[in-house]
Structures are given as C-alpha cells and as structure tokens.
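> A structural model of the following input is requested.
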Amino acid sequence: MKRAVVIRHLAFEDLGAFTAPLRDADYSVHYQDAGVCTPDAGPEPWDSAKIDLLIVLGGPIGAYEEHLYPWLTDEIDGIASRLRKRLPTMGICLGAQLIARALGAKVYPSGIKEIGIGNITLTDAGLASCLAPFADAPATLHWHGDTFDLPEGASLLASTDLCRNQAFSVGPNIIGFQFHPEADGTTFERWLIGHACELSVAGIDIRELRATMAVVSRELTDKAKTLLECWLRGLHEQ
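Below you'll find the predicted structure:
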C-alpha cells in the first residue's frame, strides 16, 4: 500500500471528496496537523521517497505570516525540500500558496474575497491536464482572499476573472489548486459553521451558498474523482 501524508490546517477542512479515490488507488492516508506536527515529526520526513504523496490542504492564515505563525517557516522549508526532489506533491488553496512560496513565488492579499461556487477557465495546458473534466462543467468551490505569482517554470492550468492563477503544475508530480476541487457537499455544513465570521464580514448569504452547493454537490464529487484518478496515473516515479 502506498502512503499519503496530508497536512491539515483546520480540522474540518480535510480531503473531502478526494478521500475515496485515494483509498481506491491503494493509498493509506495519514493526517498531520500543521503547527503541531513538524516536517520531521512523523515516521518519515516529508522529503522522504517513502512518502508516496504529500497533500497540503487549505486554511485561513496567510502563507506569508511567519511573524504570526513561526512554524510556517519549517512547513515551507519541508515542502521546498520535497519539491527539489520533484516528489509527488499537491497543494489546495493555502497549500497551493505554500507550494508557490516554496518555489520562490510571492504570495499576497488579492484585495477581494472570492467565495462561492463559480466557474474556472482552462488554459491550453489545463485542457491537456487532469483538469480536463472542468472544460464542459467548469463549476467549483472558491474560498480565498490571497493569491500568488506563478512560480518560475510552472504551467498555468486555470484562471477566473477575479484570480488569474487558479491552478498550476510543475512537471507531472507537482500541482496546486487555488480553488477547492476536494469540496464535499456532505460535509460542507462544517465549512459554513467554521467560517461563519469570515462569511459574515464578506457579506456572503450562507443560505444561498448552502443551496448552491446542494445543487452541484454530485457534479463536484464526480469531477474530484476523475481529476484525482487522472493525476495519480500520471505520476512519475523518481
């Protein structure tokens, strides 16, 4: 069985719709909580080839806030060490921003909150990638206020009107999503509770967001499965 280590920044933001396809692909899933577990706290350091896949999940803090969260320095260094070896690594939202930082790109506030169900537009590279299912069904969950510059050598895969860099890849083994392809409608209520203050400040109608998610939930789950299965098949062994 292959080993997937998942860095979690919030207890209720987990692998969601990625859980089942990961296990179907014969991965055992091991969560490590950011700020508690360090890159070398587990049985293997993050840059070990014995970790077949590292997934870095989202969270509400800034990837540039080491002055408030000093452990971010170790987290970014641990990710960077793995990326230098081109070991399979995926980042979602904050996770994608941390990968971008680890690759030398800048992360910063975008000046606007992009929260809700919205479409992405694929680039030519995106159409040829694991994101291809989004060409005909472009809806996904957005939930961020920061953005990042495209890392040097990365391919841009998707954009929105509010955020140009929505997804990128570096070779077959490294990928980052600013949006949330893993969002799971069956556990989405936890997001609405956990992010209640942010939603209120942003003026987001929780009832409308809940209803919209209910409509697209099955579609998002199906695309998550197809996306992840495709990406895992394309991984190159080192």
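> buried ones in the helix or strand encompassing residue 210?
Using DSSP states H and E, residue 210 sits in helix 206-233. By neighbour count on 16 or more other CB atoms under 10 Å, the buried set for helix 206-233 is 209, 212-213, 216-217, 220-221, 223-228, 231-232. For every residue, glycine as well, the C-beta is placed using N, CA and C.
> same check, this time on stretch 16-29
Neighbour-count burial for stretch 16-29 [16+ other CB under 10 Å]: 16-19, 21-22, 27, 29.
> now do the helix holding residue 210, average pLDDT.
Helix 206-233 comes out with an average pLDDT of 97.
> what strands line up against the lengthiest strand in the chain, and which way round?
As assigned by DSSP state E, the longest strand anywhere in the chain is strand 107-119. When pairing is defined by DSSP bridges, strand 107-119 lines up against strand 139-148 (antiparallel).
> pLDDT weak spots in the chain?
For the chain, applying pLDDT under 70 flags the ranges 237-238.
> now the helices for it?
19-24, 71-84, 94-102, 124-127, 188-194, 196-202, 206-233 (DSSP state H).
> name the residue most distant from the centre of this structure?
The C-alpha centroid of the chain is most remote from residue 207, which lies 24.9 Å away (CA atoms, centre = their mean).
> distance check, the most centrally placed residue in the chain against residue 86.
For the chain, the residue nearest the mean C-alpha position is residue 92 (0.8 Å; CA atoms, centre = their mean). Residue 92 sits 19 Å away from residue 86, going by CB to CB, to the nearest Å.
> contacts for stretch 13-31?
Residues outside stretch 13-31 that contact it (CB atoms under 8 Å, 6 or more residues apart in numbering) are 1-6, 8, 42, 52-53, 55, 57-59, 180-184, 187, 191, 194, 220-221, 224-225, 228-229, 232.
> again, 6 Å this time
Residues outside stretch 13-31 that contact it (CB atoms under 6 Å, 6 or more residues apart in numbering) are 1-6, 8, 57-58, 182-184, 221, 224-225, 228-229, 232.
> next: stretch 130-146.
With CB under 6 Å, 6+ apart as the criterion, stretch 130-146 contacts 62, 93, 107, 109-110, 113-115, 117-120, 122, 127, 157-158, 179-180, 183, 216, 219, 223, 226-227, 230-231.
> in it, which residues are buried?
In stretch 130-146, counting by 16+ other CB under 10 Å, buried: 130-131, 133-134, 138-144, 146.
> out of those residues, who's nearest residue 162?
Distances from residue 162 to these, taken as CB to CB, are shortest for residue 142 (8.1 Å).
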